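Trainee: Build me a model:
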Amino acid sequence: MLDSKYAGARGGYFSRTEEPVVLRSIRAGTRHALDLGTGTGRVAFLCADRSEFTLGVDVHVDGLRVARSQARPGTRVAFAAMDGAALGLRSESLDVVTAIGTFESTRDLRPVLREIARVLTADGLLVFTCWNDARWPKLELLDRRAPDSVLWTPESVRTQTELSGLAVDDIESIFFVPRRLLWGLYRSLLIEPLRRALVAASVTLEARLGRMSSMARAGRVLVVRARKTRPNELAYQHR
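Mentor: From the prediction side, this is the model:
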């Protein structure tokens, strides 16, 4: 099943590591939100809890079918097939855009980021993630990333973001135990309580690493928060 990655103890893992960081700056009462590259709708449903209306978009229709089937009656969320570089939405119509795991294989962020800047309202918020080139430890064998994955430094992702009409508020990283190591062990444990114990131990270790100042940007994933720049701010940035 497409959404099995976020079921059971695995779902608990992401709800304690990735989700709090992603949602930290999204205020309750947000009017209109967009989740770009929504997949099966995990982040779109989270945004829907904090917004008047959330739209989840993706180019892969299989995930969208799953997302639609999981929407409860009365949920303020909808799903549509759209290309992130050509959103069929009005300019300045969104207050928040999220793109979590969307840019893992994107070599040029600017086309999509420019389109996001177009649809964001003044001071609208973008939260997105990408792979971190400065991650620790750099164990390619254990990463289990797709062959076409792109690694970004904080400096390079900041440059791409600011060239797209967005001002970076901050960049932080999330520590994840290397995928092949953690989820290989996870699958080898056939009893759910042992799986939950492994997840809890991993979350504790990652949290401790994340609190070390020397490791502030050494997590496996970068989380970027940016806001739409006003025209005069954009001109000032590039003087």
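
Trainee: Only C-alpha atoms from now on, for both contacts and neighbour counts.
Mentor: Noted.

Trainee: In space, not sequence, find me the middle residue of this protein.
Mentor: Residue closest to the average C-alpha location in the chain (Cα atoms, centre = their mean): residue 100, at 1.9 Å.

Trainee: Which elements pack onto the lengthiest strand in the chain?
Mentor: Criterion DSSP state E: the longest strand present in the chain is strand 120-132. When contacts are defined as 3 or more Cα pairs under 8 Å, 6 or more residues apart in numbering; DSSP states H and E, strand 120-132 packs onto strand 94-99, strand 151-152, strand 221-228.

Trainee: one more time with 10 Å
Mentor: On a contact count with 3 or more Cα pairs under 10 Å, 6 or more residues apart in numbering; DSSP states H and E, strand 120-132 meets helix 8-23, strand 30-36, strand 94-99, helix 110-119, strand 151-152, helix 154-162, strand 166-174, strand 221-228.

Trainee: what angle separates that strand from strand 221-228?
Mentor: 160 degrees (axes from the mean of the first three to the mean of the last three Cα atoms, to 10 degrees).

Trainee: Give me the distance from strand 120-132 to the chain's centre.
Mentor: 9 Å (Cα atoms, centre = their mean, to the nearest Å).

Trainee: pretty sure the residue nearest to the centre of the chain contacts residue 18?
Mentor: Yes. Using Cα atoms under 10 Å, residue 100 makes contact with residue 18 at a distance of 9.3 Å.

Trainee: what sits up against the helix or strand following the longest strand of the chain?
Mentor: Using DSSP states H and E, the next helix or strand after strand 120-132 towards the C-terminus is helix 140-143. Outside helix 140-143, the residues that touch it by Cα atoms under 10 Å, 6 or more residues apart in numbering are 137, 176, 177, 178, 179, 180, 181, 182, 184, 220.

Trainee: Of those residues, which belong to helices?
Mentor: 179, 180, 181, 182, 184 (DSSP state H).

Trainee: ok, the first one - how many residues close by?
Mentor: The tally of other residues near residue 179 (other Cα atoms under 10 Å) stands at 15.

Trainee: any chance of the helices and strands packed on strand 120-132 in TSV, plus distance to residue 128?
Mentor: Formatted as TSV, the helices and strands packed on strand 120-132 follow (distance: least, Cα to Cα, whole Å):
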stretch	distance to residue 128
helix 8-23	8
strand 30-36	9
strand 94-99	5
helix 110-119	10
strand 151-152	13
helix 154-162	10
strand 166-174	10
strand 221-228	5
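
Trainee: Out of these, flag the one nearest residue 54.
Mentor: strand 30-36 (4.6 Å; Cα to Cα).

Trainee: Give me the packing partners of the closest one, helices and strands only.
Mentor: helix 42-48, strand 51-58, strand 77-81, strand 94-99, helix 110-119, strand 120-132.

Trainee: Please identify the deepest-packed of these.
Mentor: When you average the neighbours per residue for each of the helices and strands packed on strand 30-36 (mean count of other Cα atoms under 10 Å), strand 94-99 leads with a mean of 26.

Trainee: Show me the strands paired with that strand, marking each as parallel or antiparallel.
Mentor: As defined by DSSP bridges, the strand partners of strand 94-99 come to strand 30-36 (parallel), strand 120-132 (parallel).

Trainee: if we can go back for a sec, got any residues that touch both of residue 100 and residue 18?
Mentor: Joint contacts of residue 100 and residue 18 (Cα under 10 Å, 6+ apart) are 129, 223.

Trainee: coming back round to it: filter the contacts of helix 140-143 down to the buried ones, ChimeraX style.
Mentor: A single ChimeraX command selects the buried members of the contacts of helix 140-143 (16 or more other Cα atoms under 10 Å):
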select :176,177,178,220
